[in-house]
Structures are given as C-alpha cells and as structure tokens.
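In: Next one to model:
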Amino acid sequence: MIYAEDLTPKTEEIIKLFADTFTASEGETEGTLIGAMVDQMLQDRQTDGSRVFTATDSGTLVGSVLFSPLRYAEDARTVVLLSPMAVATDRHGEGIGQALITHALTVLRDDGIDVAITYGSPDYYGKTGFSPITEDIAAAPLPLSFPHGWIAQSLTSAALTPLQGNPTCVAALNNPDLW
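Out: Below you'll find the predicted structure:
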C-alpha cells in the first residue's frame, strides 16, 4: 500500500471513487453531490490550498482524503478541514482509511498546520485522534445538521483552545446541503 500526497491516480479516478463510495453508502443523490464537490475541489486546489492524499494498492486507487483551509477571521492558527474521505467499498474494514488519515495528519503536522477539524462519525475519526467539540471551540462555516459530528484535534503540542472569528471554507464546501 502506498500512501501519498498526490494526484498520481487520474483526477477522474478520484472523483469516481468518491461518487461510487457515497452512492453505495448514502444513495445516488449523495454520490452525485459528493462527486461534484470533489471535482470542484480538485479544480480549485491550486488556488485555494486544498490538499489531496491517496492510497494505492498495486497501482489501483483504493482511498482518498481531501483537506482544505478553514480560515478563522481573527485567529493566526492554520486550520484544515478533512472533507471528504472515501475508501473503495470492496476494501472497507482493512484499516486503509485510518492509515491514510494518519499519514495525511503527519504530513500536515510536519508542514506546520495547527488544527484539523472534520464533520463525521466521532467513533470512526476518534481512532485517528479527533474528539468532539462544540461551536464554542470552533464555529462551523454553515449550520450543522449533525452537531455531535463536529470533531477536531490539535496538531501541535498545545491543547486546542477556541478559534477566534467567523470561519470561511473553500467554495466547494460552501453548500448548506453538505452540512
């Protein structure tokens, strides 16, 4: 298994992985929504600072995770939002997603990122260091439909303290249907 920050798999393969994975778990409407979001994130990544991490096995894409800047207007810390994450449905349960997230967080930590936030299952993401937070710690850029899925971790030795100011996310994630 190779974990890397790259687009070695073709962009179309990454989009298809996300669309197929979310279609299988959440239905066709969600698969289409997430596929379009990933497409936009990949197109915009050179200008908005989003980062793509992949897992390949014998040259086949089996996982991908995207991180994008989440900027807090009055806070100097660098914050990234993990969204979305996908592992090929026939490879679930092998630990690929957790290993990929761990690899990505190590790279981000080494690059000086201070905080990582995501919006998902606390049980799943808790295995890679994320813990539930409230919007008193980190406001969400849009209203949360699933507030107990708002989770974060400090990537530094300092404890996570409240992030200051109103947050803004990348254009692809600035959609209420995603929150």
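In: Only C-alpha atoms from now on, for both contacts and neighbour counts.
Out: Noted.
In: Now do the helices in this protein.
Out: If DSSP state H is used as the criterion, the helices of the chain fall at 11-26, 28-48, 96-110, 122-126.
In: in the second one, what counts as buried?
Out: In this case it means helix 28-48. Neighbour-count burial for helix 28-48, counted by 16 or more other C-alpha atoms under 10 Å, picks out 30-42, 45.
In: what do you get for the last one?
Out: Of all the residues in helix 122-126, those buried under the rule 16+ other C-alpha under 10 Å are 122, 125, 126.
In: pLDDT and distance to residue 152 added to these, as CSV?
Out: Shown next, in CSV, are the buried residues of helix 122-126 (pLDDT from 0 to 100; distance: C-alpha to C-alpha, whole Å):
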residue, pLDDT, distance to residue 152
122, 96, 10
125, 96, 9
126, 96, 9
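In: Name the nearest of those relative to residue 179.
Out: Nearest to residue 179, judged by C-alpha to C-alpha, of the buried residues of helix 122-126 is residue 122 at 15.5 Å.
In: Next one: the closest one from residue 5, what distance?
Out: 24 Å (C-alpha to C-alpha, to the nearest Å).
In: next one: residue 133
Out: Between residue 133 and residue 5 the computed distance is 27 Å (C-alpha to C-alpha).
In: quick one: contacts for residue 153?
Out: Taking C-alpha atoms under 8 Å, 6 or more residues apart in numbering, we find residue 153 in contact with 115, 116, 117, 129, 130, 131, 160.
In: Mind checking the helices of the chain for the one nearest to residue 83?
Out: helix 28-48 (9.2 Å).
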